[in-house]
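Colleague: Need the 3D shape of this:
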Amino acid sequence: MKILTQKFNTKHNTAPFSQIKLEDYKAAFEENIAKARAEIDAITNNPAAPTFENTIEALDFSGESLDRLSSIFFNMNSAETCDEMQKIAQDISPLLTAFSNDIALNEDLFKRVKAVYEQKDMLNLSAEQATLLDKKFKSFSRNGALLSEDKKTRLREIDTDLSKLKLTYGENVLAETNSYQLHITHKNDLKGLPEGTIEAAESLAKSKNLEGWIFTLDYPSYIPFVTYADNRELRKELAIANGKKAFQNNEFDNQEITLKIAKLRFERANLLGYKTHSDFVLEERMAQSPEKVKSFLNDLLAKAKPASEKEFAQLTAFAKEVDGIDQLEKWDGAYYSEKLKQKLFDFDDEQLKPYFKLENVLNGAFTVAEKLFGISFKEVFDIDKYHEDVQTFEVLDSEGNLVAVFYTDFFPRKGKRNGAWMTSFKPQYIKDGINERPHVSIVCNFTPPTETKPSLLTFNEVTTLFHEFGHALHGMLANTTYPSLSGTSVYWDFVELPSQVMENWCYEPEALAIFAKHYETEEIIPQEYVTKIKESASFLEGMATLRQLSFGILDMAFHSKDPNQISDVKAFEKLAFDGTSLYPDVAENCMSVSFSHIFQGGYSSGYYSYKWAEVLDADAFAYFQEKGIFNKEVATKFKENVLSKGGTELPMELYKRFRGQEPKPEALLKRAGLI
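Modeller: This next block holds a predicted model:
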């Protein structure tokens with residue numbers, strides 16, 4: 001246990017994964033909570049008058065060892081979990097919730113914070129200090145410090161319940177993802193599938209001592225199957241299995257949990273004096289209010305809907321012409337989209353994959369970052385890792401100084417949740433004159449290598465890698481004093497700007513020439529393919545936009561009204577999707593019960609931020625295109641005003657400093673081919 005309660009005696013103070021035992025966690029959490037509590041007590045009981053340094057700053061630097069332990073544990077619970085770990089998570093989450101409530105509801109501590117806040121105009125604070133003070137004051141006023149004792153008690157109960165419910169929600173989705181497999185024994189049923197997909201399915205079957213081929217709900221298995229398999233019935237089976245995760249009235253059902261989470265969030269917001277959960281959340285976002293978010297979504301919907309309906313009609317006519325299908329169903333969408341794309345642009349994703357060997361794409365992302373921001377990546381083998389698939393890198397500046405430690409974890413496995421995300425094991429901050437550098441990680445579920453082929457990515461996986469790498473750069477290039485304002489600790493609707501802007505380089509010939517090389521011949525991707533990638537970038541963009549908007553609308557439907565009237569999750573969801581649905585509804589499926597972004601992660605009332613940030617990213621990249629996609633001056637402005645600044649100032653101020661103006665939505669609509 002000692003290993004988890006002291007400074008790590010490792011290279012760059014990195015997490016000593018191989019020395020951590022599961023049974024060490026609980027006692028380590030108890031000890032680190034006690035240590036953090038003592039630090040809070042020292043601030044609260046300080047006999048000296050409250051100052052910015054002895055109260056606000058001290059508060060931000062408190063609990064360092066607890067924060068590190070939490071980041072290690074919860075990152076492992078997402079990337080490398082097991083039943084025992086999930087049980088530990090259920091035990092320690094209430095302890096952490098109680099501790100954070102003890103801080104937020106500590107009257108004497110709040111009095112000190114308030115005393116500093118009330119003299120802020122006389123303190124001559126820097127922009128970063130002023131932001132920190134404002135944030136600390138709000139963390140009390142927005143989280144119950146002003147409540148009566150009985151209401152504080154109820155707030156504690158709600159927060160404890162929510163922390164447990166969100167964990168259970170995620171565990172149920174993972175259990176349902178892991179429990180399903182499509183076992184194919186007839187070769188005929190594989191028609192249409194790419195060779196690499198078939199090989200991966202065969203090797204999975206072998207690993208389970210089965211004949212034939214196994215397909216699962218992990219994305220590298222699921223996506224190619226519904227995109228390429230000619231057997232419509234099997235596509236249907238797999239698609240329905242994916243859509244009914246946690247919606248099967250069994251022990252892993254999330255319907256009741258989904259409603260409980262929504263209702264508790266609403267009650268919590270009311271308790272704190274807000275009309276709804278969305279009103280509470282959006283007060284601290286660029287968008288500021290549910291009304292503004294809804295009008296933003298509806299405005300984009302009005303522009304995207306005519307295009308999406310036209311595209312859907314085109315897709316329907318195509319499916320009828322090719323296979324005599326009268327009614328397109330959800331399990332037909334990816335399949336006929338891919339076929340239509342092949343027909344219109346005379347190429348498909350399978351032709352591209354040989355040019356996107358994972359190692360080359362990763363090195364390409366590194367080279368792009370080096371050209372833009374002057375940093376380099378060196379793989380190292382003396383940093384501990386939690387799984388053999390993980391790679392570790394030192395990120396260095398042009399003088400060879402350490403900028404960050406970077407971990408990558410790319411392939412699906414049993415204990416890892418689906419999807420892709422960036423996270424960190426240690427934040428950046430400056431303390432006692434030392435600029436502590438961050439430890440950042442990206443976790444994905446990409447197509448794994450097979451016996452005969454390396455990991456070859458789909459173009460969608462290439463953009464995913466660049467997206468998560470953009471988040472990672474936001475973490476790695478952070479340069480702020482306070483840990484709570486560092487890196488990706490920004491307004492939620494600003495956090496997707498660095499990630500989404502990086503995706504743009506995947507479409508540029510100049511960037512593709514760096515990393516898109518055939519894995520066998522080293523031949524650079526042919527120019528005609530590059531042209532087709534760019535031409536097809538806005539293919540069916542209306543439908544894709546509609547889909548994204550529907551998720552944002554569903555999120556707001558749950559959180560911007562009183563959810564106590566909802567009795568049936570499926571019926572409620574169907575109503576929310578009413579204005580955005582193109583395909584017929586599938587009775588057995590329900591998205592809300594596995595919509596982990598908003599019910600387990602941090603995106604509640606924030607899913608719109610993907611589209612919001614797209615407006616920013618299209619506008620930002622237009623600036624790069626104007627000056628040159630590797631223009632040093634623009635890149636430096638982006639690094640200094642956006643990437644390194646974290647949450648130290650209001651996002652729009654940072655953006656305007658970079659761009660010289662507020663973003664214009666025209667750039668997005670133009671890129672999407674909607675105007």
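
Colleague: hang on, residue 465 packs against residue 444?
Modeller: Yes: with contact defined as C-beta atoms under 8 Å, residue 465 counts as touching residue 444 (6.7 Å). Backbone N, C-alpha and C define where each C-beta goes, glycine included.

Colleague: Between those two, which is the more surrounded one?
Modeller: residue 465 (26 against 23; other C-beta atoms under 10 Å).

Colleague: so that one sits in a helix?
Modeller: Yes: assignment of residue 465 by DSSP: H, G, I helix; E, B strand; the rest coil places it within a helix.

Colleague: How about the contacts made by the residue nearest to it when sequence neighbours are not counted?
Modeller: Distances taken as C-beta to C-beta, 6 or more residues apart in numbering place residue 361 nearest to residue 465, at 5.7 Å, with adjacent residues excluded. Applying C-beta atoms under 8 Å, 6 or more residues apart in numbering, we find residue 361 in contact with 457, 462, 465, 515.

Colleague: export these to TSV and tack on pLDDT?
Modeller: TSV is the format used below for the contacts of residue 361 (pLDDT from 0 to 100):
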residue	pLDDT
457	96
462	98
465	98
515	97
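
Colleague: Can you flag which of the residues you listed belong to helices?
Modeller: Taking DSSP state H, the ones among these that sit in helices are 462, 465, 515.

Colleague: quick one on the thing from earlier: which secondary structure state does the residue nearest to residue 465 sit in?
Modeller: helix.

Colleague: Looking at the contacts of residue 361, which one is closest to residue 476?
Modeller: residue 465 (15.3 Å; C-beta to C-beta).

Colleague: any idea how far the closest one lies from residue 223?
Modeller: According to C-beta to C-beta, to the nearest Å, residue 465 and residue 223 sit 15 Å apart.

Colleague: Residue 470 too?
Modeller: In terms of C-beta to C-beta, residue 470 sits 22 Å off from residue 223.

Colleague: more neighbours, those two?
Modeller: Neighbours were counted for residue 470 and for residue 223 using other C-beta under 10 Å; residue 470 has more, 25 against 18.

Colleague: Give the closest residue to that one in space, chain neighbours not counted.
Modeller: Per C-beta to C-beta, 6+ apart, closest to residue 470 is residue 502, 3.3 Å.

Colleague: For that neighbour, give me the pLDDT.
Modeller: With respect to pLDDT, residue 502 scores 98.

Colleague: What is the burial count for it?
Modeller: 26.

Colleague: And the helix or strand it falls within, what does it pack against?
Modeller: Using DSSP states H and E, residue 502 sits within helix 496-503. If you count contacts as 3 or more C-beta pairs under 8 Å, 6 or more residues apart in numbering; DSSP states H and E, helix 496-503 packs onto helix 459-476, helix 609-627.

Colleague: For residue 373, give its distance to residue 99.
Modeller: Relative to residue 99, and taking C-beta to C-beta, residue 373 is found at 37 Å.

Colleague: Report the inter-axis angle for the helix or strand containing residue 319 versus helix 609-627.
Modeller: If you go by DSSP H and E, residue 319 is part of helix 290-323. Going by axes from the mean of the first three to the mean of the last three C-alpha atoms, to 10 degrees, helix 290-323 is angled at 80 degrees with respect to helix 609-627.

Colleague: So which bits of whatever helix or strand comes next after helix 290-323 are buried?
Modeller: Counting by DSSP H and E, the element after helix 290-323 in chain order, helix or strand, is helix 330-345. By neighbour count on 16 or more other C-beta atoms under 10 Å, the buried set for helix 330-345 is 330, 331, 332, 333, 334, 335, 336, 337, 338, 339, 340, 341.

Colleague: what's the answer for stretch 651-670, then?
Modeller: Across stretch 651-670, burial judged by 16+ other C-beta under 10 Å covers 651, 654, 655, 658, 659, 663, 665, 667, 668, 669.

Colleague: got the CA positions of it in CSV?
Modeller: The C-alpha trace of stretch 651-670 is given here as CSV (Å, rounded to 0.1, in the frame of the first residue of the first chain):
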residue,chain,number,x,y,z
PRO,A,651,-12.5,30.8,-23.8
MET,A,652,-13.9,33.4,-26.1
GLU,A,653,-11.2,35.9,-25.0
LEU,A,654,-8.5,33.2,-25.7
TYR,A,655,-10.1,32.4,-29.1
LYS,A,656,-10.3,36.0,-30.2
ARG,A,657,-6.6,36.5,-29.2
PHE,A,658,-5.7,33.7,-31.4
ARG,A,659,-8.0,34.4,-34.3
GLY,A,660,-8.5,38.2,-34.1
GLN,A,661,-12.3,37.8,-34.2
GLU,A,662,-15.2,35.7,-33.0
PRO,A,663,-15.8,32.5,-34.9
LYS,A,664,-18.2,32.5,-37.9
PRO,A,665,-20.5,29.4,-38.4
GLU,A,666,-20.2,29.9,-42.2
ALA,A,667,-16.8,28.0,-42.2
LEU,A,668,-18.5,24.9,-40.7
LEU,A,669,-21.5,25.0,-43.1
LYS,A,670,-19.2,25.5,-46.0
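
Colleague: ok so, going back, list just the nearest of the ones in helices among the contacts of residue 361 to residue 585.
Modeller: Nearest member of the ones in helices among the contacts of residue 361 to residue 585, counting by C-beta to C-beta, is residue 462, at 32.7 Å.

Colleague: Tabulate the buried residues of helix 330-345 (TSV), appending distance to residue 355.
Modeller: Compiled in TSV, those are given as follows (distance: C-beta to C-beta, whole Å):
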residue	distance to residue 355
330	30
331	29
332	28
333	26
334	21
335	23
336	25
337	21
338	18
339	21
340	22
341	17
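
Colleague: what about the closest residue to residue 597 other than its chain neighbours, how many residues close to it?
Modeller: Once flanking residues are discounted, residue 597 sits nearest to residue 603: 4.2 Å by C-beta to C-beta, 6+ apart. Neighbourhood size, residue 603 [other C-beta under 10 Å]: 20.

Colleague: Where does the closest residue to residue 628 other than its chain neighbours fall, secondary structure wise?
Modeller: Leaving aside its sequence neighbours, residue 628 sits nearest to residue 634 (C-beta to C-beta, 6+ apart; 7.8 Å). Using DSSP H and E, residue 634 maps to helix 632-638.

Colleague: After that helix, which helix or strand is next? Please name it.
Modeller: Scanning onward from helix 632-638 (DSSP H and E), the first element met is helix 651-659.
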